[in-house]
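In: Generate a structure from the sequence data that follows.
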Amino acid sequence: MHFKRSFSYDDGGRSKYYRSKKSSNDCVVRSIAIAFNQDYKKTLIDLCNFTIDHGEPFNSKHIYEKYLFSKGWVKYKTLTKPNNKKYRINELPINDDCLISTRRHLTVLLNNTIRDIWDTRGQVAYNYYLKK
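Out: Coordinates of the predicted model:
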C-alpha cells in the first residue's frame with residue numbers, strides 16, 4: 001500500500017514573531033505548534049518552562065517525548081517493510097494526523113500533508129506520535 005502525501009510550507013507561526021530563517025533549529029517548537037494547532041510563541045514558552053522543570057533542552061528527544069506524553073500523545077515505532085527496511089515518510093502506512101521523527105528532525109503529518117519548512121517526504125521515519 002502506497003500513500004500519496006503532499007507537502008505544504010508551514011513555519012508553525014514563527015514568522016509572526018521572528019525573522020524567518022531556514023536553519024533555526026526549531027523543528028520541535030514548529031512541529032508541536034502545528035500539531036497542537038497552537039500559537040508558536042505559546043508553544044515556545046510552554047516548552048521552555050518544561051525544560052526548566054526537567055533540566056534538559058526541549059529539542060532533545062528525551063524531553064520533547066516527555067512533553068508529548070504529558071499532553072496525552074503516544075509513541076509508536078515505525079513498522080518495517082517486508083525486506084526489513086524502514087519506511088520513508090511518503091510510504092508510511094498510516095492515515096492519522098501525527099508527529100514523525102526522522103534523523104535529528106521532527107515533522108508533522110496533517111490531512112495527508114507534510115507541513116514543515118522543507119519537504120521531508122523522502123526522509124526515513126523512525127517513530128511517530130499520535131494523540132490519544
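In: start to end distance for stretch 70-85?
Out: Using CA to CA, to the nearest Å, the end-to-end distance of stretch 70-85 comes to 31 Å.
In: Any idea how far that stretch is from the middle of the chain?
Out: Offset of stretch 70-85 from its chain centre (CA atoms, centre = their mean, to the nearest Å): 13 Å.
In: Which positions in it come out as buried?
Out: Buried residues in stretch 70-85, defined by neighbour count with 16 or more other CB atoms under 10 Å: 73, 78. For the C-beta atoms, the positions are set from N, CA and C on the backbone; glycine is no exception.
In: continuing past the longest helix seen in the chain, what's the next helix or strand?
Out: Counting by DSSP state H, the longest helix found in the chain is helix 40-54. Next helix or strand after helix 40-54 toward the C-terminus (DSSP states H and E): helix 61-70.
In: What sits closest to residue 41 if chain neighbours are left out?
Out: If the residues on either side of it in the chain are set aside, residue 41 comes closest to residue 17, at 5.4 Å by CB to CB, 6 or more residues apart in numbering.
In: My guess is that neighbour contacts residue 43. True?
Out: No: taking contact to mean CB atoms under 8 Å, the distance of 11.0 Å between residue 17 and residue 43 leaves them out of contact.
In: Give me the more crowded residue out of these two.
Out: Neighbour comparison, residue 17 and residue 43: the larger count goes to residue 43, with 25 against 10 (by other CB atoms under 10 Å).
In: For the more buried one, give me the pLDDT.
Out: In this model, residue 43 is scored at 97, pLDDT.
In: any idea how far it is from residue 15?
Out: 14 Å (CB to CB, to the nearest Å).
In: Likewise for residue 83?
Out: According to CB to CB, residue 83 and residue 15 sit 41 Å apart.
In: List of residues touching stretch 108-124?
Out: With contact meaning CB atoms under 8 Å, 6 or more residues apart in numbering, stretch 108-124 is reached by 3-11, 22, 27, 30-31, 34-35, 86-90, 92, 94-100, 102-103, 105, 107, 128.
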